[in-house]
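# got a predicted structure plus its sequence, pasted below:
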Amino acid sequence: MTLNKIATQHVKTFFGWVYQNEILPLKTPIPDGALVALYAIDGTFLAQGYYNSRSQMCVRVLSYDLRPIDSDFFRTRIATALAKRKALAKATNAYRLIHSEADFLPGLMVDVYDKVLAIQINTLGMESYRTLIIEALVALLAPQGIIDKSDAKVRAKEGLQTQNGVVYGEVTQDITIHEHGISFAVNLHEGQKTGFYLDQRYNRHTVGGYIEAHMEVLDIFCNAGGFGLYCLAQGAKVDFVDLSAHALEQVALNITRNGFDTNRATITKADAFTYLTQAKTASMRYDCVVLDPPPFAKSKRASFGAIKGYKFLFSAGLELAKDNGIVALFSCSHHVGLDTLLSIAKEASATANVPLEILQTLHADADHPHILNIPNTAYLSGIVVRKIALD
């Protein structure tokens, strides 16, 4: 397969996607899912990857060398990823082992939950290597079990059917993971994505570091209670809010599992936007407001509407924060990045006539690598600001 000059330059600088309009006309048809070698117009070999005509990103690069894509290839890639994550063992028994393009295995995600693995195989090309992938994972990690949590919507676009469930060994309904001494219950047979938002681990710990005993915290879009649990561990009172009944059941279970005082926690099932609108008219104010919404912008086109949502959330959070209180806002979309969050905060600061101190800017933890050459791997951004009370 021959690439145009633009794609050639991209691949030479280790960008791992090739788009439909970047390949020269094919001399013979190529089956979807097939491994293809990529060449520049002058015949120079560039890389090899798998092809799918159904996808706008028709080729995803697997290797920049002309080598067999076999059992040894997957074992080497996975072993490399495993070695990079050794330091995390000091803080947790749960981490992302393979993060798709960021670990040079596009279309594959693997999470470790103690002795169990959760996998997503979301592309046709990677699906063709399913057996080799599972064999490599078993050989290198000897897991108790592996459960498939692939994304049905993404796979459908690739022309794949999805039937998730246990694909190796045994996966129990109740798994306990630990982060910095805090326990979380995970049920991989339910829940979102591969089970838990591991990418926010560092950020949960960071926000928790600003909390002191007797502070009052609002955790909006709390999911399983990650941020709020770190705050409870510091002796704070926490209001947990989420629209998902299952998520709130996990919050209650996690509070009990950690032995936290239930009198310091309230759990509310509510739409976040409605809750914040009503809370602004009440007298309750918080020392810390955490705003960690699900992805509003899965595409660049959707980002314009999403920004309106982020503006409302941050402005409401700022209003609910006490003087010298903290507001943490996160975006899990590459299309609404750090610069956008800072711009939203600056606009809200001017509207509220309140100066803001940037305490920290945040990103995904180390097991979700950001590859400089692949901008989309920088998908999680966060800001932590203080609402300054002037004399």
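Looks like it came in fine.
# tell me where the stretch 51-200 of the chain has strands.
Under the criterion DSSP state E, counting those that start in this stretch, the stretch 51-200 of the chain carries strands at the ranges 57-63, 94-99, 108-113, 116-121, 145-148, 165-169, 175-179, 182-186.
# possible to save those strands as CSV with mean neighbour count?
In short, each C-beta sits where N, CA and C put it, glycine included. Shown next, in CSV, are these (neighbours: other CB atoms under 10 Å):
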stretch, mean neighbour count
strand 57-63, 21
strand 94-99, 24
strand 108-113, 25
strand 116-121, 25
strand 145-148, 21
strand 165-169, 14
strand 175-179, 19
strand 182-186, 21
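# distance of the most far-flung residue of the chain relative to its centre relative to residue 102?
Among the C-alpha atoms of the chain, the one farthest from their average position, using CA atoms, centre = their mean, is that of residue 391, at 40.4 Å. Using CB to CB, to the nearest Å, one obtains 47 Å as the distance from residue 391 to residue 102.
# got it, and residue 210?
Spatial separation of residue 210 from residue 102 under the definition CB to CB is 29 Å.
# same thing with residue 47?
Taken as CB to CB, the span from residue 47 to residue 102 is 17 Å.
# how about the strands of the stretch 201-350 of the chain, start to end?
Secondary structure of the stretch 201-350 of the chain, counting by DSSP E, counting those that start in this stretch: strands at 216-220, 237-242, 265-269, 286-291, 321-331.
# between strand 286-291 and the longest helix along the chain, find me the angle.
Across the chain, the longest stretch assigned as helix under DSSP state H is helix 300-320. Counting by axes from the mean of the first three to the mean of the last three CA atoms, to 10 degrees, helix 300-320 points 170 degrees away from the direction of strand 286-291.
# all helices of the stretch 1-150 of the chain, in order?
Assignment of helices within the stretch 1-150 of the chain using DSSP state H, counting those that start in this stretch yields the ranges 5-12, 71-84, 124-127, 130-141.
# buried ones in the first one?
Spelled out, it's helix 5-12. When burial is assessed from 16 or more other CB atoms under 10 Å, helix 5-12 yields the following buried residues: 7-8, 10-11.
# what does the second one give?
Using 16+ other CB under 10 Å as the test for burial, helix 71-84 gives 73-75, 77-78, 81-82.
# what of the last one?
When neighbours are counted by 16+ other CB under 10 Å, the buried residues of helix 130-141 are found to be 132-134, 136-137, 141.
# what packs against it?
helix 71-84, strand 108-113, strand 116-121, strand 145-148, strand 165-169 (3 or more CB pairs under 8 Å, 6 or more residues apart in numbering; DSSP states H and E).
# again, only using 7 Å
Contact analysis of helix 130-141 by 3 or more CB pairs under 7 Å, 6 or more residues apart in numbering; DSSP states H and E lists helix 71-84, strand 116-121, strand 165-169 as its packing neighbours.
# contacts for the longest one next, please.
Put plainly, it is helix 71-84. Applying CB atoms under 7 Å, 6 or more residues apart in numbering, the set of residues contacting helix 71-84 from outside is 67, 97-98, 103-105, 129, 132-133, 135-137, 139-140.
# before we move on, what about the second one?
Taking CB under 7 Å, 6+ apart as the criterion, the residues outside strand 116-121 that touch it are 107-111, 127, 130, 137, 141, 143-151, 171, 175, 188, 194-195.
# about what we covered before: most widely separated two among the contacts of helix 71-84?
Longest distance between any two of the contacts of helix 71-84 is 22.0 Å, between 67 and 97; criterion CB to CB.
# can you name the residues bridging to residue 357?
In this entry, residue 357 is beta-bridged to residue 386, by DSSP bridges.
# pLDDT value on residue 134, please?
The model reports residue 134 with a pLDDT of 98.
# which intervals of the stretch 251-391 of the chain have sub-threshold pLDDT?
Under the criterion pLDDT under 70, the flagged ranges of the stretch 251-391 of the chain are 297-303.
# picking that back up, export the helices and strands packed on helix 130-141 as CSV, with columns for mean pLDDT and distance to residue 36.
Rendered in CSV, the data for the helices and strands packed on helix 130-141 read as follows (pLDDT from 0 to 100; distance: least, CB to CB, whole Å):
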stretch, mean pLDDT, distance to residue 36
helix 71-84, 98, 16
strand 116-121, 97, 19
strand 165-169, 97, 27
